[in-house]
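# next one to model:
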Amino acid sequence: MEKTSGDSPAFTSHQKIIIAILALLQFTVILDFMVISPLGDILMKTLNMTTANFGFAVSAYAFSAGISGLMAAGFADKFDRKKLLIFFYTGFIIGTVFCALSTSYMMLLMARIVTGLFGGVIGSVSLAIVTDLFVIHQRGRVMGFIQMAFATSQILGIPVGLYFANNWGWHSAFIMIAVLGVLILIAIITQMQPITKHLEVQTDKSPFLHLWHTLSNKRYQVGFASIAFLSVGGFMLQPFGSAFLVNNIHISQLELPMVFFFTGLSVLFIMPLVGKLSDKVSKFKLFAAGSILSIIMILIYTNLNPIPLWEIVVINMILFMGIMSRMIPATTLNTAIPGLEDRGAYMSISSSLQQIAGGIAAVCAGFIVHQKTKTSPLENYDILGYVIAVITLCSIFFIWRVSQMVKTKDAVEVKDAIEIKNTVEEKDVVEVEIES
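Numbering: from 1, shown residues only. Okay, here's the model as predicted:
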């Protein structure tokens, strides 16, 4: 439902452990992707990469993640979600180690593909776990905590990653992520209980038939489209963020950590508030407000000329507060679309399409943006901003469609519950009359 009255259900101790594990897990997965952006200027210079090459390096992860997600979708509801999480997270850690060992553009490209093959499924499995273990009126808060991983990756992960890169080379940033991943993997194995309730309601014996039934569901297709559009803007803007700051705004490599630190701090502040609000007010209205703020700030940001450090910090903070305030209501609404028997497959397909759409966006951004030399300003970054603004407007329409579908589904469920209650009461009355 779109509104709740009173307090939302409290979390159990096991639910709190799950939230902590998933938040830390998402921290490493997001950091693995996010750290590419601040390392972008270093990577393009040290590995002799063009903007188009770098766009492909970013999109390689997204495309492989999307393909693996589609391949895994049919099997996502056939196994214990804990076992799936352990398998794919282990592969993700191995892929990250390969990134650290890369010494050329092609090696890095292959390593990103391997990392994406495993990392792309982790998000969908995590969302399925959240949907299985938390009711709809808890999920806004849960997603608020988990999405704080984005902020934490900027506050701690990206500045630390840049510090490692500046002092011990960019390879060390990936080693740091891999070591942290091993510790989190141990926590998953020892602390998370098996999650198998979905196995009791399976109807499709064939994984491929299950995948087809999920893909061909008209209601689900609206959700897939909404999440795909949602991801495009971020994939277009982020890859060249550090290169834009260094070469256009004249922010030094040593000042970059400060920009990401304060940006992450603003997101860390806003996420719990948005999470609580999304459990109490209209999720669509919250999403629309965040989208409008994002469009305004993106158009300002992508048209900037050199300005003082404190000004770019403030603009970045407001920009990402708008961007991240869209993610929680949109993701929460999306989790309410599938039934229990389809959640794993739905989340896998949704995540895959998100990654594939993002990969296409990163490639397109690589061709829109140009750089004459390794130190010259990026060109056409303003055009990139206009494209992102239009796509963001389209995403508002699709999330509105999702919101309407969720309202209809809630109404049907309430009606069914009332009919069942009335039937039971009528049966009790009849039994009492017979006994009397």
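# only C-alpha atoms for contact and neighbour calcs from this point on.
Will do.
# give me the below-cutoff pLDDT ranges for the stretch 251-400 of the chain.
340-341, 343-344 (pLDDT under 70).
# mind jotting down where the helices sit in it?
In the stretch 251-400 of the chain, the helices defined using DSSP state H, counting those that start in this stretch lie at 256-278, 283-301, 309-335, 343-368, 381-435.
# what's in contact with the shortest one?
The list of residues contacting helix 283-301 from outside it, by C-alpha atoms under 8 Å, 6 or more residues apart in numbering, reads 2, 278, 315-316, 318-327, 329-330, 333, 382, 385-386, 388-389, 392-393, 396, 399-400, 403.
# how does it look with 6 Å?
When contacts are defined by C-alpha atoms under 6 Å, 6 or more residues apart in numbering, helix 283-301 is touched by residues 319, 322-323, 325-326, 329, 385, 389.
# most surrounded residue in these?
Pro329 (30 neighbours; other C-alpha atoms under 10 Å).
# contacts only, for it.
So Pro329 contacts 278, 283, 287 (C-alpha under 6 Å, 6+ apart).
# Ser104 versus that one, what's the distance?
40 Å (C-alpha to C-alpha, to the nearest Å).
# identify the residues contacting Phe398.
Listed by C-alpha under 6 Å, 6+ apart, the contact set of Phe398 reads Ser226.
# Tyr163: how many residues sit nearby?
18.
# swap in Phe269?
13.
# swap in Ile122?
For Ile122, the neighbour count with other C-alpha under 10 Å is 27.
# picking up where we left off before, of the contacts of Pro329, which is the most crowded?
The contacts of Pro329, ranked by neighbours (other C-alpha under 10 Å): first place Ser278, 31 neighbours.
# how much space separates it from Leu39?
Distance from Ser278 to Leu39, counting by C-alpha to C-alpha: 34 Å.
# what of Phe261?
In this structure, Phe261 and Leu39 are 15 Å apart, going by C-alpha to C-alpha.
# identify the residue nearest the spatially most central residue of the chain in space, chain neighbours excluded?
In the chain, the residue lying closest to the centroid (C-alpha atoms, centre = their mean) is Gly123, at 6.9 Å. What sits nearest to Gly123 in space, not counting adjacent residues and going by C-alpha to C-alpha, 6 or more residues apart in numbering, is Ser351, at 7.0 Å.
# how deep is the one you found tucked in, by neighbour count?
Look at Ser351: counted by other C-alpha under 10 Å, it has 30 neighbours.
# can you give me the helices in the stretch 101-250 of the chain?
Assigned by DSSP H, counting those that start in this stretch, the helices in the stretch 101-250 of the chain fall at 105-133, 136-152, 158-168, 171-191, 207-215, 218-237, 241-247.
# please work out which of those is packed deepest.
helix 136-152 (a mean of 25; mean count of other C-alpha atoms under 10 Å).
# could you give the mean pLDDT of that one?
The predicted model gives helix 136-152 an average pLDDT of 71.
# numbering from 762 from now on, please.
In the new numbering, first residue 762, that becomes helix 897-913.
# and the nearest residue to Leu1065 once chain neighbours are set aside, how close does it get to Tyr1062?
Using C-alpha to C-alpha, 6+ apart and skipping the chain neighbours, the partner closest in space to Leu1065 is Ile1010 (7.4 Å). Distance, Ile1010 to Tyr1062, using C-alpha to C-alpha: 10 Å.
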